[in-house]
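1. Quick one: sequence plus predicted model below, questions after.
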Amino acid sequence: MRHPRLLLLLALAGSLTASLATPSDSRAADAAAAKPLEEGFTALFNGKDLTGWEGNTELWKVEQGMIVGDSAGIRHNEFLATRKPYGDFELRLEFRLRNGTGNTGVQFRSQRVPDSTVVVGYQADLGEKYWGCLYDEHRRNKILGQAPAKLQEVLHPDGWNRYVIRARGDHIELFVNDLQTVDYQEADTKIPRTGIIALQVHSGPPLRVEFRNIRIRELK
């Protein structure tokens with residue numbers, strides 16, 4: 001039998017160790033949450049959990065202050081979407097695609113199709129052959145704006161990149177690492193000018209994409 005005083009000391013030591021231990025993902029999340037926002041911007045991701053977002057949590061998770069879409073291979077595109085719709089805005093975020101392979105993107109002014117994984121609307125594309133393009137997901141199913149060849153000079157295919165998505169009225173602009181890749185004017189007045197923002201994991205082979213520092217400024 002252990003001495004009561006020894007048991008007390010062991011318990012106190014365990015409590016002290018637990019209070020001092022801080023997981024690396026918590027430190028990263030706290031650092032992300034503490035990063036000052038530009039004037040007028042609001043964080044869409046708190047760096048700790050998926051508050052404000054909805055989607056398949058078997059596929060989407062939070063790791064070390066990042067939203068991670070990690071697929072072992074899926075049959076249909078999957079999306080993690082904001083619960084709130086946005087109309088005119090400027091969205092800023094950072095993304096990284098594992099090994100620079102695969103295809104994914106950021107939906108905006110989009111809508112979910114009920115009882116389906118389908119999301120319809122504009123997509124700021126990213127991935128092989130489509131970096132920085134503007135695509136129309138499940139609607140016209142075509143590229144609306146093609147990124148310039150110059151993007152390859154500033155792109156980090158397997159590293160972190162900055163994306164800026166600006167939508168105001170019928171005007172859409174995309175920027176990757178401060179280079180404008182798309183300047184698009186929507187001619188179809190029937191296309192919705194408001195909707196959800198959603199992160200995509202494309203169907204097909206294994207893919208991992210990471211997003212961080214996601215913030216938005218609504219334009220008046």
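-> All right, it came through fine. Numbering: from 1, shown residues only.

2. Now do the SS call for Y184.
-> strand (DSSP: H, G, I helix; E, B strand; the rest coil).

3. So it sits against G169, correct?
-> No - with contact defined as CB atoms under 8 Å, Y184 does not reach G169; the gap is 11.8 Å. Quick note: C-beta positions are derived from backbone N, CA and C, even for glycine.

4. neighbour-wise, which of the two wins?
-> Neighbour totals were compared for Y184 and G169, and Y184 leads with 15 against 11 (other CB atoms under 10 Å).

5. dump the residue contacts of that one.
-> Applying CB atoms under 8 Å, 6 or more residues apart in numbering to Y184 gives the contacts 134, 144-145, 171-173.

6. One more pass at 10 Å, please.
-> Each residue near Y184 by CB atoms under 10 Å, 6 or more residues apart in numbering is listed here: 122, 134, 144-145, 167, 170-174.

7. how much space between N141 and V118?
-> N141 is 12 Å from V118, where distance means CB to CB, to the nearest Å.

8. end-to-end on stretch 147-155?
-> 12 Å (CA to CA, to the nearest Å).

9. Give me the neighbour count for the nearest residue in space to G69 that is not next to it in sequence.
-> Nearest residue to G69, sequence neighbours excluded (CB to CB, 6 or more residues apart in numbering): V201, at 4.0 Å. V201: 26 surrounding residues under other CB under 10 Å.

10. And G145, by the same measure?
-> Count around G145 with other CB under 10 Å applied: 20.

11. Can you list the buried residues in the strand of greatest length in the chain?
-> The longest strand of the chain (DSSP state E) is strand 207-218. By 16 or more other CB atoms under 10 Å, the buried positions in strand 207-218 come out as 207-217.

12. Can you tell me the strand partners of it and which way each runs?
-> Within its sheet, strand 207-218 is paired with strand 42-43 (antiparallel), strand 66-71 (antiparallel), strand 89-97 (antiparallel), according to DSSP bridges.
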